[in-house]
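>>> Predicted structure and sequence below. I'll ask about it afterward.
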Amino acid sequence: MKKFSRFSKKFKSISKIIVKFYPSLKNDLELIQNNKTPEEFLSSNLVISLIVSLFFFFFISVYFYLHEGVLFFEKIFLLLFYSIAIQIFLFFILNLRPRIESNKKMKLFERNLPVFIRQLYVRVTAGMSLYASIENISEKDYGGASSLARRIVAHVRGGLNEVEALEAVSKEIPLEKLNKLFWQIINSVKSGANISETLNSMVIDLEKEQGIMIEEFGSKLTPLTMMYLLLTIIFPSLGTAFVIIISSLFGTIMNEKILWMFPIYIIIINFIFFNLVKRIKPNVEM
């Protein structure tokens, strides 16, 4: 690993140019708690993609020689083209990983935010201080809610007070709902208002919002379900019957390839339908 790290540093000058095309990379790496700088991350990806492309170049050269009796220099330009194409493709794929992981993390925080506020309200109402409540949640297993609490606790242990810690986490996680809720908590603490009342109103608002989102999801799901039944049950059944009738009328034997098209068609429709449902599903605990 040390040798890999030293070797990747040689690509730092190139990564400083490439990093301009990834303005959100720094925030994404911080959100997924990756300690590398954007330049270090890009440099390591360059090295990984280069190593993979070299291995590809070597194995394809061996393949051409063993199976076709062609020496690598006879197809050097073709091999170089494919190797460079693989390196570029792999490099871009590796660079997408922080963005994908940060999006997953933000969805997890958004989904567990009502749980975090609700658990916070229960503890504050029971007489615990705001920070003690957050620390207690961080020690429990509430998924994304505990992960969020641990971020706040880490900032407090790093020397910030609870308000500054909430502000720091708001900056780290670019989530509008989280920023809005944390802003309400911060204002209540600064103004000396009753924090339990603030949290109670936040819980009520979140529950109403979730109820509306679930109702909207249900209204969208009804026509989609009807369309799904039409495309996966009625249409294939009628289609099979129609093909059999036509083949018997014209005295032709139904081709097996036609029958094989129906299960493939159903698999494709199922894949599209479940992906569509996943996209429109509200990001709440259901």
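That came through fine.

>>> What is the longest helix of the protein by residue count?
helix 76-125 (DSSP state H).

>>> same for that helix, what does it pack against?
Packed against helix 76-125 by the contact rule (3 or more Cβ pairs under 8 Å, 6 or more residues apart in numbering; DSSP states H and E) you find helix 25-31, helix 38-63, helix 130-139, helix 144-157, helix 176-191, helix 195-229. (Glycine included, C-beta is placed from N, CA and C.)

>>> Show me what the mean pLDDT comes to for it.
If you average the pLDDT over helix 76-125, you get 85.

>>> now it against helix 176-191, angle please.
Helix 76-125 and helix 176-191 meet at an angle of 40 degrees, taking axes from the mean of the first three to the mean of the last three Cα atoms, to 10 degrees as the criterion.

>>> ok, back up a step: columns distance to W260 and mean neighbour count on top of the helices and strands packed on helix 76-125, output as CSV?
Formatted as CSV, these follow (distance: least, Cβ to Cβ, whole Å; neighbours: other Cβ atoms under 10 Å):
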stretch, distance to W260, mean neighbour count
helix 25-31, 44, 19
helix 38-63, 33, 18
helix 130-139, 54, 18
helix 144-157, 44, 19
helix 176-191, 48, 15
helix 195-229, 22, 14
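
>>> And the pLDDT for K9?
Listed pLDDT for K9 reads 67.

>>> Report the residue ranges of every domain in this protein.
According to automatic domain parsing, the chain comprises the domains 2-103, 107-205, 208-280.

>>> I'd like the average pLDDT over the shortest one.
In other words, domain 208-280. In this model, domain 208-280 has an average pLDDT of 78.

>>> and if you look at stretch 170-182?
For stretch 170-182, the per-residue pLDDT averages 84.

>>> which other residues reach it?
Here stretch 170-182 makes contact (Cβ atoms under 8 Å, 6 or more residues apart in numbering) with 27, 30-31, 106, 109-110, 113, 117, 151, 166-167, 169, 183, 202.

>>> Now find how far off-centre it is within its chain.
18 Å (Cα atoms, centre = their mean, to the nearest Å).

>>> Between the two ends of that stretch, what distance do you get?
Distance between the boundary residues of stretch 170-182 (Cα to Cα, to the nearest Å) amounts to 7 Å.

>>> May I see the helices and strands packed on helix 76-125 organised as CSV, with distance to E101 added?
Below are the helices and strands packed on helix 76-125 laid out as CSV (distance: least, Cβ to Cβ, whole Å):
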stretch, distance to E101
helix 25-31, 7
helix 38-63, 12
helix 130-139, 21
helix 144-157, 13
helix 176-191, 17
helix 195-229, 25
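
>>> List just the one of those helices that sits closest to L276.
Of all the helices and strands packed on helix 76-125, helix 195-229 sits nearest to L276, with 6.9 Å by Cβ to Cβ.

>>> same for the closest one, what does it pack against?
The contact analysis (3+ Cβ pairs under 8 Å, 6+ apart) places helix 195-229 against helix 76-125, helix 176-191, helix 256-280.

>>> From the centroid of this structure, which residue is nearest?
K104 (3.2 Å; Cα atoms, centre = their mean).

>>> before we move on, the earlier item: could you dump the helices and strands packed on helix 195-229 into JSON lines with distance to T222 added?
Listed next are these as JSON lines, based on distance: least, Cβ to Cβ, whole Å:
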{"stretch": "helix 76-125", "distance to T222": "24"}
{"stretch": "helix 176-191", "distance to T222": "27"}
{"stretch": "helix 256-280", "distance to T222": "12"}
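
>>> who wins for proximity to V156 among those helices?
Judged by Cβ to Cβ, the one of those that comes nearest to V156 is helix 176-191, at 13.2 Å.

>>> just the angle between that closest one and helix 130-139, please?
150 degrees.

>>> Run the angle between helix 176-191 and helix 144-157 for me.
Counting by the same axes, to 10 degrees, helix 176-191 lies at 40 degrees to helix 144-157.

>>> and helix 176-191, how far out from the chain's middle?
26 Å.

>>> just to revisit the earlier point, among the helices and strands packed on helix 76-125, which comes closest to A85?
Among the helices and strands packed on helix 76-125, the nearest to A85 by Cβ to Cβ is helix 38-63 (8.6 Å).

>>> and the residue nearest to V52 when sequence neighbours are not counted, how many residues sit next to it?
Spatial nearest neighbour of V52, excluding adjacent residues (Cβ to Cβ, 6 or more residues apart in numbering): L90 at 5.7 Å. L90 has 18 neighbouring residues, counting by other Cβ atoms under 10 Å.
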